[in-house]
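**Student:** Sequence and predicted model, in that order:
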Amino acid sequence: MFNPEEKKEIFGRWVFMIRYLIKLTSIFPLFSIFFKKSDQPTRIVHDIS
């Protein structure tokens with residue numbers, strides 16, 4: 001089906017793609033949590049009078 005050189009190259013590409021997807025899926029929730037926390041108003045009330 002594949003000769004050994006192509007098999008190694010295809011395997012290397014798959015490993016790279018899987019690592020990239022794992023990084024994206026682990027980084028995205030962290031950013032969403034960070035932005036949700038930063039969107040909340042602070043409890044500091046400034047008296048404007």
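**Tutor:** All right, it came through fine.
**Student:** so where is this protein shaky, pLDDT-wise?
**Tutor:** For the chain, the stretches flagged by pLDDT under 70 are 1-2, 37-49.
**Student:** let's see it at 80
**Tutor:** 1-5, 29-49 (pLDDT under 80).
**Student:** got the residue ranges for the helices in it?
**Tutor:** 4-39 (DSSP state H).
**Student:** what's around residue 6, how many residues?
**Tutor:** Neighbour count for residue 6, taken as other Cβ atoms under 10 Å: 10. Yep, even glycine has a C-beta here, placed from its N, CA and C like the rest.
**Student:** can you check residue 28 too?
**Tutor:** Residue 28: 10 surrounding residues under other Cβ under 10 Å.
**Student:** any idea how far residue 10 is from it?
**Tutor:** Counting by Cβ to Cβ, to the nearest Å, the gap from residue 28 to residue 10 is 27 Å.
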